[in-house]
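Novice: okay, predicted coordinates and the sequence, questions at the end:
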Amino acid sequence: QVQLVESGGGLVQPGGSLRLSCAVSGFTLDYYAIGWFRQAPGKEREGVLCISSSFVTTYYADSVKGRFTISRDNAKNTVYLQMNSLKPEDTAVYYCGRKGTCRGASYDSWGQGTQVTVSS
């Protein structure tokens, strides 16, 4: 069955970096876009960014431009979210999800999430 498993979260100081991984199984990653979204306590879910099957990045949140990048390794069935210059407001549970395209499509599967906490 379709599975997405996030990992790499943790506690980091402001200004630090983390790399999240999204390992997928049960489908051919090559044919799908993968997006990252996050949810902080008491806040609505927020799209972060997405990478298409043709390796094009779409940013959903202006607040992460210049700090977060997304990449994919189809051979390893894994998508990565590199987060640099982290801020306390980046604290949230981060999820990866599968989509047909980065624009105009909804997620049809997602993982259980990984906690990212940015605090001194």
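Specialist: Perfect, I can see it now.
Novice: in this structure residue 56 contacts residue 102, no?
Specialist: Yes - counting by Cβ atoms under 8 Å, residue 102 is a contact partner of residue 56 at 7.2 Å. To be clear about C-beta, it is placed using only N, CA and C from the backbone, and glycine gets the same treatment.
Novice: between those two, who's got more neighbours?
Specialist: residue 102 (22 against 12; other Cβ atoms under 10 Å).
Novice: list the contacts for the nearest residue to residue 9 once chain neighbours are set aside?
Specialist: Leaving out its chain neighbours, the residue that sits closest to residue 9 by Cβ to Cβ, 6 or more residues apart in numbering is residue 114, at 3.4 Å. The neighbours of residue 114, taking Cβ atoms under 8 Å, 6 or more residues apart in numbering as the test, are 6-9, 20, 93-94.
Novice: just put those residues in a markdown table and tack on secondary structure and neighbour count.
Specialist: A markdown table is the format used below for the contacts of residue 114 (DSSP: H, G, I helix; E, B strand; the rest coil; neighbours: other Cβ atoms under 10 Å):
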| residue | secondary structure | neighbour count |
| --- | --- | --- |
| 6 | strand | 24 |
| 7 | strand | 13 |
| 8 | coil | 16 |
| 9 | coil | 18 |
| 20 | strand | 22 |
| 93 | strand | 18 |
| 94 | strand | 24 |
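Novice: if we only consider those residues, which is nearest to residue 61?
Specialist: Among the contacts of residue 114, residue 94 lies closest to residue 61 (Cβ to Cβ), at 11.9 Å.
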